[in-house]
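> coords please:
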Amino acid sequence: VAQCAPSSVIGIDSSQGFVSTARVNVSDARAEFRVGDAQALPLETGSRDIVVSALVLNFLPNRETALAEMKRVLRPGGTVGFYVWDYPGGGTELISTFWNAATALDRAALDIAEDRRFPFCTPEGLTDVARSAGLASIACTAIDISTIFKSFEDYWHPFTLGAGPAPAYCVGLAPDARERLKQRLMADLPRQIDGSIPLKARAWAVKAVAG
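Numbers count the residues shown, from 1 in each chain. Okay, the predicted model is just below:
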């Protein structure tokens with residue numbers, strides 16, 4: 001709403017808490033937020049010009065259904081966009097560093113790590129998913145950002161909140177195992193002179209057109 005001057009934006013998430021927070025934080029009258037399922041979007045067929053999925057497609061039980069829903073609610077020639085983290089390529093260093101430390105201490109963590117669970121999150125895999133959904137003019141590009149944590153605690157705190165695969169694994173550990181993981185990460189993470197932790201992150205973004 002700040003940069004693209006849309007006539008309206010509808011944000012949909014399955015979490016009532018996330019939707020409530022968005023409603024509080026975004027006061028622009030053009031923005032509306034609804035609780036809903038990406039695999040059964042609460043929107044009319046052919047009602048939107050653009051549909052975007054942000055860092056969620058890999059977590060859905062049926063991504064093909066989700067893409068079909070995105071295509072359904074678009075007007076002919078509308079744009080589909082989706083992006084996911086580059087899990088297989090280790091592109092999210094904050095996550096890959098966590099799992100490298102976790103699997104060094106617990107081999108069972110290998111089956112939980114996102115690189116094993118989401119092998120399709122590559123340019124080729126995502127392009128194939130889009131093509132299978134009947135989308136056209138498919139383009140895939142990298143989004144690279146720096147993620148700078150001001151301290152180790154700044155890095156560690158999100159893993160103690162339980163939201164997402166790595167945090168859920170972390171909070172599920174026994175206290176002594178969690179402390180060993182914490183100490184391993186403290187030893188493994190790179191540090192700047194000021195104590196900050198510089199890491200990189202990459203997402204693969206697909207843009208396509210609905211027929």
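
> so what's the residue positioned nearest the centre of the chain up against?
Residue closest to the mean C-alpha point of the chain, counted by CA atoms, centre = their mean, is L55 at 2.4 Å. Residues in contact with L55 (CB atoms under 8 Å, 6 or more residues apart in numbering) are Y83, V84, W85, A203. Backbone N, C-alpha and C define where each C-beta goes, glycine included.

> quick one: pLDDT of the nearest residue to W85 once chain neighbours are set aside?
Leaving out its chain neighbours, the residue that sits closest to W85 by CB to CB, 6 or more residues apart in numbering is T92, at 4.7 Å. What the model reports as pLDDT for T92 is 90.

> where do the strands of the chain begin and end?
Under the criterion DSSP state E, the chain contains strands at 9-13, 31-35, 48-54, 74-85, 136-149, 197-209.

> so which of those strands gets nearest I112?
strand 74-85 (15.3 Å; CB to CB).

> partner strands of the closest one, with direction?
Sheet pairing for strand 74-85, assigned by DSSP bridges, gives strand 48-54 (parallel), strand 197-209 (antiparallel).

> could I get those strands as a markdown table with mean neighbour count and distance to Q183?
What follows is the strands paired with strand 74-85, written out as a markdown table (neighbours: other CB atoms under 10 Å; distance: least, CB to CB, whole Å):
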| stretch | mean neighbour count | distance to Q183 |
| --- | --- | --- |
| strand 48-54 | 17 | 34 |
| strand 197-209 | 19 | 15 |
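
> of all those strands, which lies closest to P119?
strand 197-209 (12.7 Å).

> run the angle between the closest one and strand 136-149 for me.
160 degrees (axes from the mean of the first three to the mean of the last three CA atoms, to 10 degrees).

> pLDDT of stretch 190-201, averaged?
On average, the pLDDT along stretch 190-201 is 95.

> just the terminal-to-terminal distance for that stretch.
End-to-end span of stretch 190-201 (CA to CA, to the nearest Å): 15 Å.

> tell me what the lowest-mean-pLDDT helix or strand in the chain is packed against?
Ranked by mean pLDDT, DSSP states H and E, the weakest helix or strand in the chain is helix 114-117, scoring a mean of 87. Under the contact criterion of 3 or more CB pairs under 8 Å, 6 or more residues apart in numbering; DSSP states H and E, helix 114-117 touches helix 93-105, helix 165-172.

> what's the most buried one of these?
Per-stretch averages of neighbours, counted by mean count of other CB atoms under 10 Å, single out helix 93-105 among those, with a mean of 19.

> any idea of the angle that one forms with helix 165-172?
Counting by the same axes, to 10 degrees, helix 93-105 points 50 degrees away from the direction of helix 165-172.

> so how far is helix 93-105 off the chain centroid?
18 Å (CA atoms, centre = their mean, to the nearest Å).

> so for F149, which of the helices and strands packed on helix 114-117 sits nearest?
When the helices and strands packed on helix 114-117 are compared (using CB to CB), the closest one is helix 93-105, at 7.7 Å.

> list the contacts of D128.
Taking CB under 8 Å, 6+ apart as the test, what D128 contacts is F120.

> gap between it and V84?
According to CB to CB, to the nearest Å, D128 stands 14 Å off from V84.
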